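> One predicted model, sequence on top.
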There are 2 protein chains.
Amino acid sequence: MKKDLQFIKEIQKEIILLGHIGALLNWDQQTYMPKKASKERAEQSAHLSLLVHEKLISNELFDSLNRLKNYNLSSDDKIMVNKLYKDVLKLRKLPKEFVTEMSKATSLGFDAWQKSREKKDFKIFQPYLEKIIKLKRQETKYLGFKNHPYDSLLDYYEEGMTAEELKKKFEKIKPKLLDLIHKIKDSKKYKTQNLVLMRKNFPREDQIELTKDVTKKMGLEETNFRIDLSEHPFTTKIGFNDVRITTNIRDKPLFAFESTIHEAGHALYELGCPEKHKFDVLGETPSLGIHESQSRFWENMIGKSKPFWKYYFKLFDKKFKLGNFEEWYFELNQINPSPIRIESDELHYCLHVILRFELELSLIDGSIEVKDLPKLWNKKMKEYIGIMPKNDVEGVLQDVHWSGGNIGYFPTYAIGTIYASQLYKRLKSKNKNLEKDISKGDFTKITKWLKVNIHQHGRKFLAEEIIKKATGEGLNIETYLDYLTKKYTSLYELN
Amino acid sequence: MKKDLQFIKEIQKEIILLGHIGALLNWDQQTYMPKKASKERAEQSAHLSLLVHEKLISNELFDSLNRLKNYNLSSDDKIMVNKLYKDVLKLRKLPKEFVTEMSKATSLGFDAWQKSREKKDFKIFQPYLEKIIKLKRQETKYLGFKNHPYDSLLDYYEEGMTAEELKKKFEKIKPKLLDLIHKIKDSKKYKTQNLVLMRKNFPREDQIELTKDVTKKMGLEETNFRIDLSEHPFTTKIGFNDVRITTNIRDKPLFAFESTIHEAGHALYELGCPEKHKFDVLGETPSLGIHESQSRFWENMIGKSKPFWKYYFKLFDKKFKLGNFEEWYFELNQINPSPIRIESDELHYCLHVILRFELELSLIDGSIEVKDLPKLWNKKMKEYIGIMPKNDVEGVLQDVHWSGGNIGYFPTYAIGTIYASQLYKRLKSKNKNLEKDISKGDFTKITKWLKVNIHQHGRKFLAEEIIKKATGEGLNIETYLDYLTKKYTSLYELN
């Protein structure tokens, strides 16, 4: 037993070391790597992935795990063995030829997606996505499922969640959000709203300085964290003491600041995982949804809140001469229907996600085909967001996920957003001075609470179990809808 | 045969990919990595090195190579097999336990060297260096040698070179240099020399701008090359199309500019290696000496020359208001005996190297012991450079090499410096407009000539063979001494 336990701990360490190295390759590619290096970089990354994959599906590891499952292990070791066994079993269900084919299909798919975007034409991407979807359907058969085939894919990103549960909850969210949006659009304030302060000049260097300031306030330090610039913001873990985020300066003046708060939420999670499990699966995070709950919590619940801006407005006003606090707060929260998910306001965001989730479900169960996507996309977009995309780039081609075969990923954005509202509600009920602290720029209690109640569990429990421990409830859409209703009723002076 | 050939090509590709990934880990560690990440980074790097080492000493590879040695291969393949066989054979001569012990000794040695420098006390480093030297002596026995045991170590860095040849040449260089330095020190110009322009203000951003300018002029482009900042300047190859250098802004105003020219010389070499061999040993460079010939060529022969400064003085003068060209040219070339090798002027440089070479020879053949080093170091320093180091940090502790077990490395600095003078002489005799081109800031013919005559050979020939092809002669100290004599006779108005 000891030998097996030692072996699986060693192999997990190797896998995590190689994973972190792979993360550095990717970070470098998106930040500093010279252009012409991309072809070899792809080979370097593929080689590392192969090494990790081979370790994970090795008979040596599988045999060790099978023996360990029959031993009387300590509680933590038992959970570790079960989690790892689950991961390994899943990978071993996929034939080697299938993995190779999928890898090729997504590599070609990504290139085709890029070309398709350049030419603003879905047709270019279509045959590649058809191939990917065909393989994903095949994958659900290899993996097996109880109810909907989608569940087997969703499990990669949101262990324990099902298509059925999501469908039920999303069906409830949809009419409520549409109703609230409808009321807002009828309001006087909406009809006369405008962007004035957001159109001022926000010098680049000042923006960067403010992103650094807010990460420090959130509790991130230079000794194990850094910010760089990249085309798309992201967070990556390169070592237990090495978590990096990126941002970008765009036309939208709050883009850098808000995306930094978002990514810093992810970074705090990674840095808060339990050190004693840094080289095994229990040191990982349990799902993308709960990961997103951390970023969305900081981005929305804190970073778009009045108390937060009571503090930060002073700093912004000093640099950018904004003048009117209420106007600024309104402008940064006002709703502006956009065809693009990542540019969405809080109110439309989950509708963007639900749209994708519905299409994915139908793609996987075969009730729609890839060729139908642009039409269906635009139809739903009109229905949920009230906008018709000008072209496929603004529509079905806007996200990279499908080109990489990541089906089942999108709903985690909504799950995280809902969890975020639950976390805030609980935090507020536990701490009467919460808003006062925030308005002083003091987030120390928040950072600590999240670490103790979310981060430090690592992957020991399922995401929803952790949220239940922290808030007393599982995924609760009422809390989420309450939060939005209160915030926007007040903002648009409804009723 | 085809199968074996394919196999050794695949394994070389894997090794090179892993090597490049390792280079990225190191580059990142020295440029952007957060401090606290260093412990895990060491584990990441060690794991990659182990993977490469295991591949290189695998019986599978050795058996393949042994079979291939008996086949009738194409000329290139034959050379490739022989080179790889030589590398593999060498590694296989070292027992696994020895490799582990050496790896530990150098890891501890590096830490001890750093502490020793902090405390300015060789005694802290001494027992660790004793262990390393003991192991290096053992290593020469494992490797085997014909004449001096040092040859087996020198071979790691300068294939084909021997201690005997170097000793003979260095013995000739020493008195000539000392004699020239003596004459200079007696000159009127030396006795009245001073640093005035070098003490002016050289703003950081302007320095960085000039480093970028000179790399562009040398033919380096942003698509496969970049410059960053690090404590110590270095060059690294992260991919066939991804070579990076670093520099640093120090008190010495030309440090960044000169070190950039030096590293850019290395970078051009790496980028000029034959593309068709990018994933096998023939795409490597044949020795550190010839590598250094490229950096020293650009740094000294070009970057400290009058024609070069005729062009760059205008740019420097514009930024830094230097005023007098002749004074500037004299200041940047004037001799200033320093106890530190990397701060040495052209005239003292090889004496620093010879000092180390002599000590290494005696350490390896056992005629001196580690404990004798500080005394012997200071004695030779007084004799060759005319300076007594204030402490061990300025003396025997100044270089990192020995702490890493790199014995046999130092002489390659002198070899490269000598080769550089030979290359310049040949280039000048081939191109009557050379100095005119340089004084216009046009280095295109130089870059091209080096690529065709040095870089594109990769590792197909030994370093000295390549130099012979390019200049008609092997390592020629007369050319080197002639160059220095002419330059400094004129500079100090001797005779």
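Good, I have the coordinates.
> Run the chain-centre distance for the helix or strand harbouring residue A:451.
Using DSSP states H and E, residue A:451 falls within helix A:444-453. Here helix A:444-453 shows a centroid-to-chain-centroid distance of 20 Å under the convention CA atoms, centre = their mean, to the nearest Å.
> Likewise for stretch A:234-245?
Using CA atoms, centre = their mean, the offset of stretch A:234-245 from its chain centre is 15 Å.
> now do stretch A:399-416
Offset of stretch A:399-416 from its chain centre (CA atoms, centre = their mean): 8 Å.
> mean confidence score for that stretch?
Stretch A:399-416 comes out with an average pLDDT of 97.
> tell me which residues in that stretch are buried?
Across stretch A:399-416, burial judged by 16 or more other CB atoms under 10 Å in any protein chain shown covers A:399, A:402-416. C-beta coordinates here come from the backbone N, C-alpha and C atoms, glycine included.
> Same question for stretch A:475-494.
A:475-477, A:479-481, A:483-485, A:487-488, A:491-492.
> Show me those that map onto helices.
A:477, A:479-481, A:483-485, A:487-488, A:491 (DSSP state H).
> Go through the helix holding residue A:451 and flag the buried ones.
By 16+ other CB under 10 Å, the buried positions in helix A:444-453 come out as A:446-447, A:449-451, A:453.
> counting contacts, what elements does it pack onto?
With contacts taken as 3 or more CB pairs under 8 Å, 6 or more residues apart in numbering or on different chains; DSSP states H and E, helix A:444-453 sits against helix A:255-272, helix A:411-430, helix A:434-439, helix A:463-471.
> Can I get the first one as PDB, trimmed to CA atoms?
I take that to be helix A:255-272. Output in PDB follows, covering the C-alpha atoms of helix A:255-272 (Å, rounded to 0.1, in the frame of the first residue of the first chain):
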ATOM      1  CA  PHE A 255     -11.900  47.100 -19.700                       C
ATOM      2  CA  ALA A 256      -8.400  46.800 -18.200                       C
ATOM      3  CA  PHE A 257      -9.600  47.600 -14.700                       C
ATOM      4  CA  GLU A 258     -12.600  45.300 -14.700                       C
ATOM      5  CA  SER A 259     -10.900  42.400 -16.500                       C
ATOM      6  CA  THR A 260      -8.000  42.700 -14.000                       C
ATOM      7  CA  ILE A 261     -10.400  42.400 -11.100                       C
ATOM      8  CA  HIS A 262     -12.000  39.400 -12.700                       C
ATOM      9  CA  GLU A 263      -8.700  37.600 -13.400                       C
ATOM     10  CA  ALA A 264      -7.400  38.600  -9.900                       C
ATOM     11  CA  GLY A 265     -10.400  36.700  -8.500                       C
ATOM     12  CA  HIS A 266      -9.200  33.600 -10.300                       C
ATOM     13  CA  ALA A 267      -5.700  34.200  -9.200                       C
ATOM     14  CA  LEU A 268      -6.600  34.500  -5.500                       C
ATOM     15  CA  TYR A 269      -8.400  31.100  -5.900                       C
ATOM     16  CA  GLU A 270      -5.300  29.400  -7.300                       C
ATOM     17  CA  LEU A 271      -3.000  30.900  -4.700                       C
ATOM     18  CA  GLY A 272      -5.400  29.900  -1.900                       C
END
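> what mean pLDDT does it have?
Helix A:255-272 carries an average pLDDT of 98.
> follow-up on the earlier one: now pLDDT and distance to residue A:340 too, for the buried residues of helix A:444-453, in TSV please.
Converted to TSV, the buried residues of helix A:444-453 look like this (pLDDT from 0 to 100; distance: CB to CB, whole Å):
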residue	pLDDT	distance to residue A:340
A:446	98	30
A:447	98	31
A:449	98	33
A:450	98	29
A:451	98	33
A:453	98	33
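> near chain B, which residues of the stretch 1-150 of chain A?
Residues of the stretch 1-150 of chain A lying close to chain B by CB under 8 Å from any CB of the partner chain are A:14, A:17-18, A:20-21, A:24-25, A:28, A:32-37, A:39-41, A:43-44, A:47-48, A:51.
> Tell me the buried residues within the residues you listed.
A:14, A:17-18, A:20-21, A:24-25, A:28, A:32-34, A:36-37, A:40-41, A:43-44, A:47-48, A:51.
> Restricted to strands, list the residues you listed.
Among those, no member falls in strands (DSSP state E).
> Just the ones in helices from the residues of the stretch 1-150 of chain A next to chain B, please.
Secondary structure defined by DSSP H assigns A:14, A:17-18, A:20-21, A:24-25, A:28, A:39-41, A:43-44, A:47-48, A:51 of the residues of the stretch 1-150 of chain A next to chain B to helices.
> what's the closest of those to residue B:186?
Closest to residue B:186 out of these is residue A:28 (54.4 Å), distances taken as CB to CB.
> Quick check: chain neighbours aside, which residue is closest to that closest one?
The shortest distance from residue A:28 to any non-neighbouring residue, by CB to CB, 6 or more residues apart in numbering or on different chains, is to residue B:24 (6.1 Å).
> OK, contacts around that neighbour?
Neighbouring residues of residue B:24 by CB atoms under 8 Å, 6 or more residues apart in numbering or on different chains: A:24-25, A:28, B:238.
> got a markdown table for the buried residues of stretch A:475-494, with pLDDT too?
Formatted as a markdown table, those follow (pLDDT from 0 to 100):
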| residue | pLDDT |
| --- | --- |
| A:475 | 98 |
| A:476 | 98 |
| A:477 | 98 |
| A:479 | 98 |
| A:480 | 98 |
| A:481 | 98 |
| A:483 | 98 |
| A:484 | 98 |
| A:485 | 98 |
| A:487 | 98 |
| A:488 | 98 |
| A:491 | 97 |
| A:492 | 98 |
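> Stretch A:24-35: how far from the chain's middle?
Stretch A:24-35 sits 21 Å away from the centroid of its parent chain (CA atoms, centre = their mean).
> Show me which positions of stretch A:154-162 end up buried.
Result for stretch A:154-162 [16+ other CB under 10 Å]: buried residues A:154-159, A:161-162.
> How about stretch A:300-315?
Those would be A:300-313, for stretch A:300-315 by 16+ other CB under 10 Å.
> got it, and stretch A:177-194?
A:177-178, A:180-181, A:183-184, A:187, A:190.
> where exactly do the strands run in the stretch 151-300 of chain A?
Taking DSSP state E, counting those that start in this stretch, the strands of the stretch 151-300 of chain A run over residues A:225-229, A:235-239, A:242-247.
> Show the contacting residues for the residue minimising distance to the centre of chain A.
The centroid of chain A falls nearest to residue A:292 when counting by CA atoms, centre = their mean (4.4 Å). Contact analysis of residue A:292 by CB under 8 Å, 6+ apart lists A:412-413, A:415-417, A:419-420.
> of all those residues, which comes closest to chain B?
residue A:416 (26.0 Å; CB to the nearest CB).
> surely the closest one meets residue A:298?
No. The pair residue A:416 / residue A:298 is not scored as a contact, 11.2 Å apart, by CB atoms under 8 Å.
> Endpoints of stretch A:331-351, how far apart?
One end of stretch A:331-351 sits 21 Å from the other (CA to CA, to the nearest Å).
> Can you give the contact residues for the helix holding residue A:451?
Counting by CB under 8 Å, 6+ apart, A:218-219, A:268-269, A:272, A:294, A:297, A:302, A:423, A:427, A:430-431, A:434, A:437-438, A:466, A:469-470 sit against helix A:444-453.
> shaky segments in the stretch 201-350 of chain A?
Low-confidence segments of the stretch 201-350 of chain A (pLDDT under 70): none present.
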